[in-house]
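> have a look at this prediction, sequence included:
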Amino acid sequence: MNCDIVFLLPLFIVTIGAILLMLLSAFESIRLEVASALSVGIFALAFLVQLVPIGLTDVLPFVSIFNGMLAVSDFTRIASMIIIACGLFTAMSAISYFRQNNFGSLEFFSLMTFAVSGMLLLTMAQELITVFIALETVSLSIYVLVGYNRRNVLSSEAVLKYLILGAFAGGFFAMGIALVYGALGDTGFAAIAASVSRDGLLHNPALAGGLLFILFALFFKVTVFPFHSWVVDVYDGAPIPVTGFMATALKTAIIAVLANVLLLAGDIRESWLDMLFYLTVLTLFAGNLIAIGQNSLKRMLAASGIVHTGYLLIALIAVSGDQFSGSVILYYLAAYAASTLGIFASLSYLSGTDEKRKEFNDFSGLAKVRPYSAAAITIFLLSMAGIPPTAGFMGKLYIIVTAYQGGHVILAVLGIVSSILSMWYYLRLIIAMYFHEADDLFETSGSRSAPVCAFILAICVLALSLYPVAI
Amino acid sequence: MDLELVLSAAALIGLAVLIPALMLVTAIFGPRAKGKIKDEAYESGIGATIGVVDQKFSVKFYLLAILFLIFDIEAVFMYPWAVSVRELGWFGFIEMVVFMLFLFTGLIYILQKGVLNWR
Amino acid sequence: MPLLTLYDQLTVYLVIAALLFGMGVYGLITRRTLIGMLIAAELLLAGASINFMAFNRFTAPDPALGQIFTLFIMAIAAAEAAIGLSIVVAFYRHLKSIETADAAHLKG
């Protein structure tokens, strides 16, 4: 009982911290730098508490109060750690970004902390209603964050697109829960798993339809193939730190939910293996094709996020359900989060006033003017492309080996092919940075926090590649 | 019993069919006069349109309406608690106090931001 | 004569919920104004709520769950509408329009 509070403490810390930040921003008594430092402190504290190990099996904290709605295990713990770290680095790089983009206000950090608290709840949720509420907490905060630059037309358009489609997905999710509730009279994952393993999925059409609706809504949030079209525009319109935050923390949280839904009962995944297989293949190649055609860096990164979702889907298909530790998925998420956050942290201070540097060509000759920044970006890009000795390479390697061992040889081969395709657009930026002449001075605001952030993440990317993972 | 049901249902359906049918018939065959004054909407003798309809409202109205919407809806969570307040006891009471405290922080935020000051 | 006992059948409510949900999907696809789209999104949630109450009344073993979730849906729908409206207001300040056709600066 005493331990239970420790398991939920990160969630409490982040939520109470978010409310505190909100009150502080109401009184407008602190400066932006202080708010950033405060949120970094909150995240750091939550991260430290989260280091306490839990164990592989699910623990239900405070069963008498929460009635089994929440469960924690090492999987949720590490997913939460990734999310909290994403929040921490975003808060750090946002402060450099707001030096050159003059729309920062204190509420930014409060909203981001609220989003993180929703994501933490999302990883622990063991029941669909809790998932829905956590998902809406995250979505509502992120809508506001995406449209944070109210003076920019692109930003408000992006948030409109995201809001309308997000409301669509939310409606589908609610309808899916209603159907599952009608079929079983219960919305817990355990009840769903028990019913599916007893009678099979298709025995109960309402259950199958409801779960399909829920899967579609979650697929929308992680940009799986037929639901991917919003992502490029929304990432393009959102402020750079928010884009980085969405690409990493949101994806981690939703993938954790998908893992909980799909893998809790292996039978749910078995019934839809064909659908998942085709969606994975299409996601990989749609993402690559979109990314190859882009000239804007943010749009390219958005499209490459679709490809990384494809890799995570391969892992979701291939890992074995009965002894699920999720280490492969978590490793890939950590590697991807470190490299993506790193590149967005670098962009936060390099993109200049009002994000004027957006295209590949705008970064020509960066290596001549700012060799260290260029080196850091190169490390991040190599990691995303999957070239050793980076964390991204090891992540892809683990996923492909898992797919091969799980008998999904086609997926393993397609994963390698897609990785080769993706070199095209990652190397394009490296070539632009190193082999072109500089016609720009790349002036920055002089704020040190985003460069420090990029430096730490570059070390993380290299250090993570040495971390062994049992497949 | 059955006959009663049938009759009442028939009466309901009859009404539902008859009234629109009559309205349709009068609309088609009835006499009508046209003219500038006749075509205006009847507003008890006052000129039909006073002022501009699509005038701009101050954004304050929207802000207040949105805030009302949110705080009004939050009250809905107190109804189930009120129904079972005795079974839930002190635990439920403390939960509700925590919930109200969270709402209260939102209210403090609004007050501090001066949203409720009408000027 | 089953006409007067319609209120006591699960199917009726499911059909109404499905109709609302279908109208919501249709509205989101065909509406050209943002307010219309927000209304359509609310219809989706209303359909889900009606489904919940119907299952809650007729089939579920635990009568509290569905009602509570309907309350949650109401609160979330209100929050979503509030944020949606404020975004629409912000958008209107830019373009003096709430037509989606005017929101064509981003080409996806």
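That came through fine. This structure is a prediction, so every number in the text was calculated from the model and none was measured.

> where in chain B is pLDDT low?
For chain B, the stretches flagged by pLDDT under 70 are B:1, B:41-43, B:45-57, B:119.

> in chain C, where is pLDDT below threshold?
Ranges of chain C meeting pLDDT under 70: C:1-3, C:96-108.

> closest residue of it to chain B?
Proximity of chain C to chain B (Cβ to the nearest Cβ) peaks at C:Ala78, 4.0 Å away. Using the backbone N, CA and C atoms, a C-beta is placed for each residue, glycine as well.

> show me what contacts that residue?
B:69-70, B:72-73 (Cβ atoms under 8 Å, 6 or more residues apart in numbering or on different chains).

> among those residues, which ones lie close to chain C?
Applying Cβ under 8 Å from any Cβ of the partner chain, the subset of the contacts of C:Ala78 adjacent to chain C comprises B:69-70, B:72-73.

> list only those of these flagged as buried.
B:69-70, B:73 (16 or more other Cβ atoms under 10 Å in any protein chain shown).

> just these: which are in strands?
The subset of these located in strands under the criterion DSSP state E is empty.

> nearest to A:Ala208, of those?
For those, the residue nearest A:Ala208 by Cβ to Cβ is B:Ile73; the value is 32.9 Å.

> list the contacts of the residue of chain B at minimum distance from chain C.
Closest to chain C within chain B is B:Ile73: 4.0 Å, counting by Cβ to the nearest Cβ. Going by Cβ under 8 Å, 6+ apart, B:Ile73 touches C:74-75, C:78-79.

> now tabulate those residues in TSV and tack on distance to A:Asp199 and secondary structure.
Below are the contacts of B:Ile73 laid out as TSV (distance: Cβ to Cβ, whole Å; DSSP: H, G, I helix; E, B strand; the rest coil):
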residue	distance to A:Asp199	secondary structure
C:Met74	33	helix
C:Ala75	34	helix
C:Ala78	38	helix
C:Ala79	37	helix
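
> greatest separation within these: which pair is it?
Top of the distance list for those (Cβ to Cβ): C:Met74 and C:Ala79, 9.9 Å.

> mind checking which of those two has more residues around it?
Between C:Met74 and C:Ala79, C:Ala79 has the larger neighbour count (other Cβ atoms under 10 Å in any protein chain shown), namely 19 against 16.

> do I have it right that that one meets A:Glu136?
Yes: between C:Ala79 and A:Glu136 there is a contact at 7.2 Å, judged by Cβ atoms under 8 Å.

> return the residues of chain B in contact with chain A.
B:102, B:105-106, B:108-109, B:112-113.

> repeat that for 7 Å
B:102, B:105, B:108-109, B:112-113 (Cβ under 7 Å from any Cβ of the partner chain).

> centroid residue for chain B?
In chain B, the centroid-proximal residue (Cα atoms, centre = their mean) is B:Leu69; its distance is 11.6 Å.

> SS state for the residue of the stretch 151-300 of chain A found nearest chain B?
Chain B sits closest to A:Leu163 of the stretch 151-300 of chain A, with a gap of 14.6 Å, by Cβ to the nearest Cβ. In three-state terms, and counting by DSSP: H, G, I helix; E, B strand; the rest coil, A:Leu163 is helix.

> check which helices and strands the strand or helix carrying A:Ile84 is in contact with.
If you go by DSSP states H and E, A:Ile84 is part of helix A:74-100. Packing partners of helix A:74-100 (3 or more Cβ pairs under 7 Å, 6 or more residues apart in numbering or on different chains; DSSP states H and E): helix A:32-50, helix A:107-124, helix A:240-245, helix A:251-264, helix A:327-350, helix A:449-464.

> buried sites along the following helix or strand past the longest one?
Read it as helix A:327-350. Using DSSP H and E, the helix or strand that follows helix A:327-350 in sequence is helix A:366-369. Within helix A:366-369, the residues that count as buried by 16+ other Cβ under 10 Å are A:366-367.

> I'd like the average pLDDT over the following helix or strand past helix A:366-369.
Next along the chain after helix A:366-369, taking DSSP H and E as the criterion, comes helix A:371-385. Mean per-residue pLDDT for helix A:371-385: 90.

> and the contacts of helix A:371-385?
A:304, A:335, A:339, A:342-343, A:346, A:350, A:366-367, A:390-392, A:422-423, A:426, A:429-430, A:433-434, A:454-455, A:458, A:461-462 (Cβ atoms under 7 Å, 6 or more residues apart in numbering or on different chains).

> can you name the residue of the stretch 101-250 of chain A nearest chain C?
A:Gly171 (2.7 Å).

> for that residue, which non-adjacent residue is closest in space?
C:Leu44 (2.7 Å; Cβ to Cβ, 6 or more residues apart in numbering or on different chains).

> quick check: which element contains that neighbour?
Assigned by DSSP H and E, C:Leu44 falls in helix C:34-58.

> give the buried residues for that helix.
For helix C:34-58, using 16+ other Cβ under 10 Å, the buried residues are C:34, C:37-56.

> what's it packed up against?
Helix C:34-58 is packed against helix A:153-184, helix C:10-30, helix C:63-95, with contacts defined by 3+ Cβ pairs under 7 Å, 6+ apart.

> I appreciate the help and will end here.
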